[in-house]
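Asks: What follows is a predicted protein model with its sequence.
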Amino acid sequence: MTVKKYAQEVVKEGKRVRWPKREDLLPAIVVVVLTAAFFAAILSLEDVAVGKLLGALEQVFATFNQ
């Protein structure tokens, strides 16, 4: 299959797809963005907590080595 034929088939399939209407798409986008922001915040908090825990452990083990 040549690149030209492949591109033609992709365009043909794209025209056959039933795309969602704007009224259906916007609420889904909002849900995805809010979910991503929520989990980004959770992961950031976990990262800070683990960083502080590792820093505390490093200090504890540094006192044993002295």
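Replies: Okay, I see it.
Asks: Tell me, please, where in the protein the pLDDT is lower than the cut-off.
Replies: By pLDDT under 70, the low-scoring segments of the chain are 66.
Asks: what ranges do the helices span in it?
Replies: With DSSP state H applied, the chain shows helices at 3-16, 22-65, listed in chain order.
Asks: and these as TSV, adding mean neighbour count?
Replies: All C-beta spots, glycine's among them, are computed from the backbone N, C-alpha and C. Listed next are the helices of the chain as TSV, based on neighbours: other C-beta atoms under 10 Å:
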stretch	mean neighbour count
helix 3-16	9
helix 22-65	9
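Asks: How much space separates Ile42 from Lys52?
Replies: 16 Å (C-beta to C-beta, to the nearest Å).
Asks: er, Leu34 actually
Replies: 27 Å.
Asks: Same check on Glu13?
Replies: 51 Å.
Asks: same deal with Leu45?
Replies: Distance from Leu45 to Lys52, by C-beta to C-beta: 11 Å.
Asks: in this protein, which residue is closest to the centre?
Replies: Centroid-nearest residue in the chain, with C-alpha atoms, centre = their mean: Ala36, separated by 6.3 Å.
Asks: roughly how far apart are it and Val30?
Replies: According to C-beta to C-beta, Ala36 stands 11 Å off from Val30.
Asks: and Val30, what is it in contact with?
Replies: By C-beta atoms under 8 Å, 6 or more residues apart in numbering, the contact set of Val30 is empty.
Asks: Renumber starting at 10 from here on
Replies: From this message on, residue numbering opens at 10, which makes the last subject Val39.
Asks: separation between it and Ile51?
Replies: 19 Å.
Asks: Kindly report the same for Thr11.
Replies: From Thr11 to Ile51 the distance is 48 Å (C-beta to C-beta).
Asks: same thing with Gly23?
Replies: According to C-beta to C-beta, Gly23 and Ile51 sit 37 Å apart.
Asks: Ok, Lys13 next?
Replies: 47 Å.
Asks: Please apply the same query to Ile38.
Replies: From Ile38 to Ile51 the distance is 21 Å (C-beta to C-beta).
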